[in-house]
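K.L.:
sharing a model prediction with you, sequence too.
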Amino acid sequence: MHVAVIGGGAGGFFSAISVKHHHPDAHVTIHEKSTKLLSKVKISGGGRCNVTNGTDSIKILAEAYPRGSKQLRKLFGTFNNLHTMQWFEDRGVPLVTQDDLCVFPVSQDSQSIIDCFLKEAKELGIEIKTKSGVSELIEKEGQIELSFIGDEHSELYDKVIVATGGSPKMSGLLWLEKLGHKISTPVPSLFTFNMPSETITELMGIVVEEAIVKIQGTKLRGDGPLLITHWGMSGPAVLKLSSFGARILSDMNYQCVAQVNWVNEVNADVVYNRLKQLQKEHPNKQLANARLLEIPIRLWIFLLEKCDISKETTWSQMGKKPFNKLLNILTNDEYAVSGKTTFKEEFVTCGGVSLETINMKTMESKALPNLYFTGEVIDIDGITGGYNFQAAWTTAFIAGRLG
């Protein structure tokens, strides 16, 4: 059996290895259009490669996917994050799970993952062709014929796995639409918020460990650490929100109002009582010297100034009006968002080949027999934290069974 894998990234290598695991006698060829293999693995996680997430709950794992959650939850029964960790450990790549459950190689270097894949592929006899971009794919008497960019020859395969990754533009998916697949228009996911008109950017580098971010006029909500950057806001709270709200925010052209709850408490009465307690315990202290401890001091002073409250004011001098103004700012602060920025050097897309045109038990195309899909080319994506790689490993393992 001759099997082609289109794409030399994470999903491509893992699916090729899966084919050899399930079908040892198959001849497997990876076709990569560029000269670089596993390029996204190289830069992911700041060059450390966040291979998966360490949760021990399939339910929690599946909930991290705005698109494909239901389908992945079933697939995780076959191959999940715990299988992934065991897979790498068995091949001499020790892993470490951080407090936030992000899983990295102990080496803290993505090259460890790349070397593991290249070694495994070599030992299994997987053929790898670079500068081998596929220009067309057609069915031919029960087989699939591949034509290549800038090359007149074509090749016949019994099975083909598409692992081309996410395409930021619809044009990159037209060749699959032409084959009869429904395509969900790609839009960016996992991005940070630009706030060019907001002076809070002067506080770049400040992290609030637990915050809630909402988008005014929608039901979108993200929680977790919030990072203030020189362009706006980032961190898991914003990234989670951008992932779940990818299409809504695209429709808004990334022009909206972000509502920030700095104290991670939706019940304003609770925050009111906490402020009253501060006032009672430190009546003669200046506001700058007695604050809610989860708010970094520079941010606290910034918020006081935003309320037109002097930091030299003592708690006993706080009138009802400024008190309520501070309460509102802490629980419902507002910032104008105007545009987005890609998270680090990675891009993740919402969209791709619709799950409607894929048999989600086998990853085989419903439009063309013997054609399979894996990874981000499918309309599946997750929040930050190792989830997108896990979706790639899971769909690749399933696709590699070839039926």
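P.N.:
Received, thanks. Numbering: from 1, shown residues only.

K.L.:
so where's this protein shaky on pLDDT?
P.N.:
Applying pLDDT under 70 to the chain flags residues 343-346.

K.L.:
quick one, domains of it?
P.N.:
Using automatic domain parsing, the domain parsing of the chain gives 2-187+345-399, 191-342.

K.L.:
tell me the most buried of those?
P.N.:
domain 2-187+345-399 (a mean of 19; mean count of other CB atoms under 10 Å). Backbone N, C-alpha and C define where each C-beta goes, glycine included.

K.L.:
so for that domain, first residue to last residue, what's the gap.
P.N.:
15 Å (CA to CA, to the nearest Å).

K.L.:
ditto for stretch 360-371
P.N.:
End-to-end distance of stretch 360-371: 13 Å, with CA to CA as the criterion.

K.L.:
how near is the most far-flung residue of the chain relative to its centre to Glu376?
P.N.:
Going by CA atoms, centre = their mean, the residue of the chain most distant from its centre is Asn284, 47.5 Å out. Distance from Asn284 to Glu376, counting by CB to CB, to the nearest Å: 58 Å.

K.L.:
try Ile161
P.N.:
Distance from Ile161 to Glu376, by CB to CB: 14 Å.

K.L.:
Met195 now?
P.N.:
According to CB to CB, Met195 and Glu376 sit 28 Å apart.

K.L.:
where along the stretch 251-400 of the chain do the strands fall?
P.N.:
Secondary structure of the stretch 251-400 of the chain (DSSP state E, counting those that start in this stretch): strands at 255-261, 333-338, 340-342, 348-353, 358-359, 364-365, 371-373.

K.L.:
thought Gly400 was touching Ala16?
P.N.:
Yes: using CB atoms under 8 Å, Gly400 is in contact with Ala16, at 7.3 Å.

K.L.:
residues contacting Val266?
P.N.:
Ile212, Thr331 (CB atoms under 8 Å, 6 or more residues apart in numbering).

K.L.:
try 6 Å this time
P.N.:
Applying CB atoms under 6 Å, 6 or more residues apart in numbering to Val266 gives no contacts.

K.L.:
where along the stretch 201-350 of the chain do the helices fall?
P.N.:
All helices of the stretch 201-350 of the chain, identified by DSSP state H, counting those that start in this stretch, fall at 236-244, 246-251, 268-281, 297-306, 320-332.

K.L.:
now the ones you listed in JSON lines, with distance to Leu118?
P.N.:
What follows is these, written out as JSON lines (distance: least, CB to CB, whole Å):
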{"stretch": "helix 236-244", "distance to Leu118": "30"}
{"stretch": "helix 246-251", "distance to Leu118": "33"}
{"stretch": "helix 268-281", "distance to Leu118": "53"}
{"stretch": "helix 297-306", "distance to Leu118": "46"}
{"stretch": "helix 320-332", "distance to Leu118": "51"}
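
K.L.:
now do the strands in the stretch 51-200 of the chain.
P.N.:
52-53, 95-97, 102-105, 127-129, 134-140, 143-148, 151-157, 159-162, 183-189, 191-194.

K.L.:
JSON lines please, covering these and showing distance to Asn370.
P.N.:
Converted to JSON lines, the strands of the stretch 51-200 of the chain look like this (distance: least, CB to CB, whole Å):
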{"stretch": "strand 52-53", "distance to Asn370": "29"}
{"stretch": "strand 95-97", "distance to Asn370": "35"}
{"stretch": "strand 102-105", "distance to Asn370": "34"}
{"stretch": "strand 127-129", "distance to Asn370": "19"}
{"stretch": "strand 134-140", "distance to Asn370": "8"}
{"stretch": "strand 143-148", "distance to Asn370": "6"}
{"stretch": "strand 151-157", "distance to Asn370": "8"}
{"stretch": "strand 159-162", "distance to Asn370": "5"}
{"stretch": "strand 183-189", "distance to Asn370": "20"}
{"stretch": "strand 191-194", "distance to Asn370": "36"}
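
K.L.:
just checking, Tyr157 touches Met1?
P.N.:
No: the criterion here is CB atoms under 6 Å, and Tyr157 misses it with Met1 at 8.8 Å.
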